[in-house]
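S.K.: sharing a sequence plus its predicted fold:
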Amino acid sequence: MEPRHKMTFAIRQSIGIIAIACILAAGANLLRQESLPFAGNWSADSRLSDASGQSMVSTLAEASRMYTKGTAVFVDARPENQYAQGHIKDAVSLPWQQVHERFTETVDRLEAAETLICYCDGENCELSHDLALFLADMGFEDTRVLVNGWTVWKEAGLPTQSRNGNNE
Amino acid sequence: MNKLDFQKIEKTGFVFARILMGAVFLYASYDKILNPQAFAEAVYNYQILPDFAVNAVALALPWIELAAGLCLIIGIWLPGAALICALLMGVFTAALVFNQIRGLDVHCGCFTTQAAHGPAGMWTVIRDLCFLALSVYLLVRIVFVPHRKTAGAPGL
């Protein structure tokens, strides 16, 4: 058989294997108790939800209103060095990677707030969501996520500061 | 080393490479088939596919890996399985390199859906490049190298 025909043969076989695999995948998914929808909803509201499926997302307007009233504490889920470079003014640093070690030292400040607003940086940063779920698990009832928090807060010209105390 | 010895060693190496890649694909499929939701999140985090395609790919990909891996190990439909294997390794490596270049700290999702294994780094790319080289060797050996009937056959 010529190489061109051999390649055509390989392509046909691979299409056959993929077709069988897709049928098995669809069948197994339908038989699964918690089957995955074939076209999922990956919007922020859907991704960033609590255990009951309720969205944890806070808008920038809500977050800044609570900041002004002083009813919310902002919790920075990014690594310590990024927090040191700049953060939302008066935010508490609780890096997700060290959450178990650092939780006890921050708990007093967190308990003083009506609402906790977790943030990190980037549209798809999951640290703030993971942290919000952890805090909700620890009993903080009103815990929210400000998506892409550091960037949107800074771009809106809202108060920020760096570790050396410089307010901007 | 005479020609027959070399052919014997090459044939043993080929069978070893075929079974190794088959085992790699079987192992890679296992956790993803059991945890489709977690794997869908890993696929989403790559930020390469449109949202509507994430679940479909996350559902189908592990089964394609399983089927191709089984074919490689058992020794059936080898040209098709080798082609899938090489294409998938090419896509996986390209996706990893792409995200390394644009600085996205994504969890690999290669062999486990557990994010605790940390983000994919340079070593993950190097490992995938080795698997890609092995897959391309298998594809060339299976599809393009003429079959030898027996080691001692005349005309070899």
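M.R.: Good, I have the coordinates.

S.K.: any part of stretch A:12-20 near chain B?
M.R.: Yes: looking at stretch A:12-20 against chain B by CB under 8 Å from any CB of the partner chain, the contacts come from A:12, A:13, A:14, A:15, A:16, A:17, A:18, A:20. C-beta: built from backbone N, CA, C; applies to glycine.

S.K.: okay, buried residues for stretch B:25-39 please.
M.R.: Residues of stretch B:25-39 classed as buried under the neighbour-count rule (16 or more other CB atoms under 10 Å in any protein chain shown) are B:25, B:26, B:28, B:29, B:30, B:31, B:32, B:33, B:35, B:36, B:38, B:39.

S.K.: distance of the residue positioned nearest the centre of chain A relative to chain B?
M.R.: Of all residues in chain A, the one closest to the mean position by CA atoms, centre = their mean is residue A:126, 2.8 Å from it. Per CB to the nearest CB, to the nearest Å, residue A:126 is found 7 Å from chain B.

S.K.: that residue: what's its closest spatial neighbour, skipping adjacent residues?
M.R.: Distances taken as CB to CB, 6 or more residues apart in numbering or on different chains place residue B:45 nearest to residue A:126, at 7.4 Å, with adjacent residues excluded.

S.K.: ok so, going back, mind putting the buried residues of stretch B:25-39 in TSV, pLDDT, distance to residue A:85 and secondary structure included?
M.R.: Putting those into TSV (pLDDT from 0 to 100; distance: CB to CB, whole Å; DSSP: H, G, I helix; E, B strand; the rest coil) gives the following:
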residue	pLDDT	distance to residue A:85	secondary structure
B:25	97	43	helix
B:26	96	45	helix
B:28	94	38	helix
B:29	95	41	helix
B:30	92	41	helix
B:31	91	37	helix
B:32	93	37	helix
B:33	94	42	helix
B:35	90	36	coil
B:36	91	38	helix
B:38	87	32	helix
B:39	90	34	helix
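
S.K.: distance-wise, check residue B:127 relative to chain A.
M.R.: Counting by CB to the nearest CB - residue B:127 and chain A are separated by 24 Å.

S.K.: tell me which helix or strand that residue sits in.
M.R.: In this structure, residue B:127 is located in helix B:122-139 according to DSSP states H and E.

S.K.: now whichever strand or helix holds residue A:4 and helix B:122-139, what's the angle there?
M.R.: Residue A:4 is part of helix A:3-31 when elements are defined by DSSP H and E. In terms of direction (axes from the mean of the first three to the mean of the last three CA atoms, to 10 degrees), helix A:3-31 departs from helix B:122-139 by 120 degrees.

S.K.: after the one helix or strand residue B:54 maps to, which helix or strand is next?
M.R.: Taking DSSP H and E as the definition, one finds residue B:54 inside helix B:51-74. Per DSSP H and E, helix B:51-74 leads on to helix B:78-101 as the next helix or strand towards the C-terminus.

S.K.: show me where chain A has strands.
M.R.: In chain A, the strands defined using DSSP state E lie at A:72-76, A:87-88, A:92-93, A:115-119, A:143-146, A:160-161.

S.K.: in a markdown table, list those strands along with mean pLDDT, mean neighbour count and distance to residue A:36.
M.R.: Below are those laid out as a markdown table (pLDDT from 0 to 100; neighbours: other CB atoms under 10 Å in any protein chain shown; distance: least, CB to CB, whole Å):
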| stretch | mean pLDDT | mean neighbour count | distance to residue A:36 |
| --- | --- | --- | --- |
| strand A:72-76 | 94 | 25 | 31 |
| strand A:87-88 | 94 | 24 | 36 |
| strand A:92-93 | 94 | 20 | 36 |
| strand A:115-119 | 94 | 25 | 26 |
| strand A:143-146 | 92 | 27 | 23 |
| strand A:160-161 | 92 | 16 | 40 |
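
S.K.: the helix or strand bottoming out on mean pLDDT in chain B vs helix B:51-74, what angle?
M.R.: Least confident element among the helices and strands of chain B, by mean pLDDT, DSSP states H and E: helix B:36-45 (a mean of 87). Relative orientation of helix B:36-45 with respect to helix B:51-74: 110 degrees, computed using the same axes, to 10 degrees.
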